[in-house]
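**Student:** here is a sequence with its predicted model. Questions after.
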Amino acid sequence: MQVRRGILFSFLFPAFSVMFFIALTPFVFSILVSLMDYNLMYSSSPRFVGLRNFVQLIQDERFLNALRNTALFVVSCVSIEFMIGLPLAYLIYISVKKRILRNLIIVLITFPMMFPRVTSGLLWKFLYNPLFSPIGQFFQKVGIPFAPLSDPHTALFAIIFVDIWQWTPFFILILLSGLESLPQDMFEAASIDGANEKQKFWYLALPSLKPICWIAIMFRTIDALRTFDTIYVMTGGGPGIATETLDIYAYLIGISQGGRISYASSAALVLLAISVIVANLLVRFFREGEV
């Protein structure tokens, strides 16, 4: 047995070493750079400044705005997608019994997920256009102003709608798979006892799906925290800083505008820390729900 384990380890060690090196190198580099004063726009050598970049982040109103936008984007997208996806998954489960028809509905529902984020962002950027899109022309005819991406008060919500359109099918797909894995006996027994569909949903389906719900929420939350391309192609963080999230902010500060790579690395590490904390909290809630 020991020899067999040694052979397996010898096969796995090279692959794990490469993966560990690829994952760890940029992380260590980001930490080192975040502790320095390093600007790509100037030729001066990096200078160690300790935690100064992180202190400046806390005092930076633009960073705090990006933090608020990130929180609003993630909470709105994940919560609405889950609240829409769960009842739709259950509705499909109880209404569509034929496997062929159910598979066809799943394909149609998950169609938005097949678009790359850049493509969906460009598509909706056109649909939000007040002059050339069918939606914009309709609002023009009825005399209602329509320029959601140009208004700082509506731009972020317009992007949130796009994310909901694209990723609600993720919850439908995961939760429908979970419903199909549940034993049919308990639903049949509940029907014999006189339970209606609402009661079966609240007292049978939802408690049984709780572990799957937490896993789906965790994966979707982490994915929403990393949303960059949809926002970037639709608004680039604008108008002004109305749609700047943490990753957009880090990109603009570090690459596109200022070249402040140290400051951007600090912001990226804050985003990483938030992702780790949120993931750990969701895992803890999931484990407590199992007890």
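**Tutor:** Perfect, thanks for sending it. Residues are numbered from 1 along each chain as shown.
**Student:** buried stuff in the helix or strand where Ile92 lies?
**Tutor:** For Ile92, the host element (DSSP states H and E) is helix 61-95. Counting neighbours by 16 or more other Cβ atoms under 10 Å, one finds that the buried residues in helix 61-95 are 63, 65-67, 69-70, 73-74, 76-78, 81-82, 85-86, 88-90, 92-93. Placement of C-beta: from N, CA and C, glycine included.
**Student:** what does stretch 161-168 give?
**Tutor:** Within stretch 161-168, the residues that count as buried by 16+ other Cβ under 10 Å are 161-164, 166-168.
**Student:** list the buried residues for the lowest-mean-pLDDT helix or strand in the chain?
**Tutor:** Least confident helix or strand, the chain: helix 2-34 with a mean of 79, by mean pLDDT, DSSP states H and E. Buried residues in helix 2-34, defined by neighbour count with 16+ other Cβ under 10 Å: 30, 33-34.
**Student:** next one: that helix to chain centre, how far?
**Tutor:** 27 Å (Cα atoms, centre = their mean, to the nearest Å).
**Student:** following element in sequence after it, please.
**Tutor:** The C-terminal neighbour of helix 2-34 among helices and strands, as given by DSSP H and E, is strand 36-37.
**Student:** can you name the residues in contact with the next helix or strand after that next one?
**Tutor:** Once strand 36-37 ends, the next helix or strand along the chain (criterion: DSSP H and E) is strand 47-48. By Cβ atoms under 8 Å, 6 or more residues apart in numbering, the surrounding residues in contact with strand 47-48 are 35-38.
**Student:** same check, this time on stretch 150-160
**Tutor:** With Cβ under 8 Å, 6+ apart, stretch 150-160 has contacts from 69, 72-73, 76-77, 80, 124, 128, 130, 148-149, 230-231, 234-235, 238-240, 242-243.
**Student:** sort out which residues of that stretch are buried, please.
**Tutor:** Quick answer for stretch 150-160 (16+ other Cβ under 10 Å): 150, 154-156, 158-160.
**Student:** ends of it, how far apart?
**Tutor:** End-to-end span of stretch 150-160 (Cα to Cα, to the nearest Å): 15 Å.
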